[in-house]
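> Let me see the structure of the following:
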Amino acid sequence: MESLAKLSIRTIHEKLVHREISAVEIARMHLEHIENTDQEFHAFLTVTADMALEQAALVDEKIKEGQEIPLLAGIPCAVKDAILVKGVRCTAGSKILENYIAPYDATVIARLREQGTVLVGKTNTDEFGMGTSTENSAFGATKNPHDLTRVAGGSSGGSAAAVCSGESVFALGEDTGGSIRLPASFCGVIGLKPTYGTVSRHGIIALASSLDQVGPFARNVEDAQTVFDAISGKDPLDSTSVLYRYAPLQEDINPKKIRIGVPKEFFAEGLDSQVEKVIRDMLAILEKGGAEIHEISLPNAPYALAVYYIINTSEASANLARYDAIRYGVPAQPKEAATDEKLFHVYMNNRGEKFGPEVKRRIMLGTYALSAGYYDAYYVKAQKIRTLLKQDFDRAFEKVDVIMGPTTPFLPFKLNERTADPLSMYLADLFTVPVNLAGLPALSVPAGKVGELPVGMHIIARAFGEPLLFQAGKLIENAWNF
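The predicted structure follows:
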């Protein structure tokens, strides 16, 4: 396992093509690594060993026959347990879906299957993606591989930990308000939240439909770009996916020409001083290399967190109405017994017993925000401020190429440190939620460490600016060889 732990997708691909190692050997090495180490991290909820070995054997057969194989063929991948994989359990981190078996593949899974990717398992998540630490998972928290007393981040913490610990070469997550970028920062890996609409949401268990996006975790920026290339593109099964297909940049960014915007709102009260130092030190390195650093303002950013939690909870309350443990999910009591009760009590019992505290909290908040008499005061007003925030970004990108700042305001916190105070937990998303509200692409790239704990640089580009995002990420990667 040691020999593959830090290799890029391209390097592993070359070893496969030259038959230095087989896809089955790679799959077995990763499955053994999961078996030997995952009791420490708890990154996985389901391990798909038989499926992985079958997929790997097909890749080896193609190589043996002299066929060309795609770049992702034979590469082990983990998938957040909110993304459907046909025939595999999909819980979304919730007891109500504990035994739910997906009847079809999500589009992103179908596209990875076409590539010959090897799926090693489904990873832990906060229940229905509601959380920043995976501590809201009904199946226990994922621990940070850098420090087992700390959280891995959330809600896609299992995917981040799987890549960080070498249990998977790359992984897929889902980002609604920072659920890819935050755990990527906490675990010291690459995390991409693509432009809204570039990656299909078909087959994804929805939290907030206007905010959710699927994206990759990877060991390096090039790997993240490779995975994004494979999963992105228009999907007729998702009406929110777009026809636009970006063209990769032909040349690397000249660091002497890139204009970096640094929002003053991202360096305000609440930012950990050690995190700030790492970020400012990296910005100084980039400036010394020739980049132009410009202080900018996003005037409506301070309202983003409040706006996000109104929109998020409102959409979640609607999306989660389907989980009544009759059509979907496991009933709190046998259905035969439940049929004698009034429907209201069936819903109350099933949802009351199977949903966790955070899910109940958000459903109640969202229902309140959408209720008669409060809809205009909360939801409509939140959507108006969302538009203003998008305009803030549009104005900023007239002056700069990318925006940079810390991914999170603080370092990975201790397990159980913030569970009693949901508001302090919500602050972890302070710098990431504006991007989801505006539908923009963003990347978290390791920029340094405080002791043994990684700190992520948050890079934001204009809509469909993924090529520029990847190039900017490589500048940081080259400046600090993590």
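> Can you classify residue 443 as helix, strand or coil?
Classification of residue 443 by DSSP: H, G, I helix; E, B strand; the rest coil places it in strand.
> wait, what's in contact with residue 83?
Applying Cβ atoms under 8 Å, 6 or more residues apart in numbering, we find residue 83 in contact with 90, 106, 108-109, 122, 172, 174, 203-205, 214. All C-beta atoms are positioned from the backbone trio N, CA, C, and that covers glycine.
> Over to residue 75?
If a contact means Cβ under 8 Å, 6+ apart, then residue 75 has 9, 12-13, 26, 117-118, 169-170 as its contacts.
> now, which of those residues sits nearest residue 296?
Proximity of those to residue 296 was ranked by Cβ to Cβ; the top entry is residue 170 with 32.4 Å.
> How much space separates that closest one from residue 463?
Distance from residue 170 to residue 463, counting by Cβ to Cβ, to the nearest Å: 24 Å.
> same question, residue 160
Distance from residue 160 to residue 463, counting by Cβ to Cβ: 25 Å.
> between residue 170 and residue 463, which one's more packed in?
Taking neighbours as other Cβ atoms under 10 Å, residue 170 and residue 463 compare with residue 170 leading, 26 against 19.
> quick one: the more buried one and residue 9 touch, right?
Yes. Residue 170 is within contact range of residue 9, at 7.0 Å (criterion: Cβ atoms under 8 Å).
> quick one: common contacting residues for the two?
In contact with both residue 170 and residue 9: 75, 218, 223, 227, using Cβ under 8 Å, 6+ apart.
> just those now: which is nearest residue 133?
Distances from residue 133 to these, taken by Cβ to Cβ, are shortest for residue 218, at 21.5 Å.
> Low-confidence ranges, the stretch 151-300 of the chain, go.
244-253, 255-256 (pLDDT under 70).
> Mind doing that once more with 80?
Within the stretch 151-300 of the chain, the segments meeting pLDDT under 80 span 244-256.
> Could you pull out the strands in it for me?
Using DSSP state E, counting those that start in this stretch, the strands found in the stretch 151-300 of the chain span residues 170-175, 190-193, 213-218, 259-263, 292-296.
> just checking, what's the longest helix in this structure?
In the chain, assigned by DSSP state H, the helix with the most residues is helix 23-41.
> And it, what does it pack against?
Packing partners of helix 23-41 (3 or more Cβ pairs under 8 Å, 6 or more residues apart in numbering; DSSP states H and E): helix 9-17, strand 44-47, helix 49-64, strand 76-80, strand 118-123.
> what does stretch 306-315 contact?
Residues from elsewhere that reach stretch 306-315, judged by Cβ under 8 Å, 6+ apart: 176-177, 206-211, 362-363, 365-366, 369-370, 378-379, 382-383, 385-386, 389, 426, 429, 433, 436-437.
> Can you pull up the most central residue in this structure?
Residue closest to the average C-alpha location in the chain (Cα atoms, centre = their mean): residue 180, at 2.4 Å.
> For that residue, grab phi and psi.
phi -100, psi -50 (degrees, to the nearest 10).
> Not counting sequence-adjacent ones, nearest residue to residue 325?
Sequence neighbours aside, residue 350 is the residue nearest to residue 325 in space, at 3.6 Å (criterion: Cβ to Cβ, 6 or more residues apart in numbering).
> what's the helix or strand for the one you found?
helix 343-354 (DSSP states H and E).
> residues near the residue lying closest to residue 164 once chain neighbours are set aside, how many?
Leaving aside its sequence neighbours, residue 164 sits nearest to residue 187 (Cβ to Cβ, 6+ apart; 4.0 Å). When counting by other Cβ under 10 Å, one arrives at 32 neighbours for residue 187.
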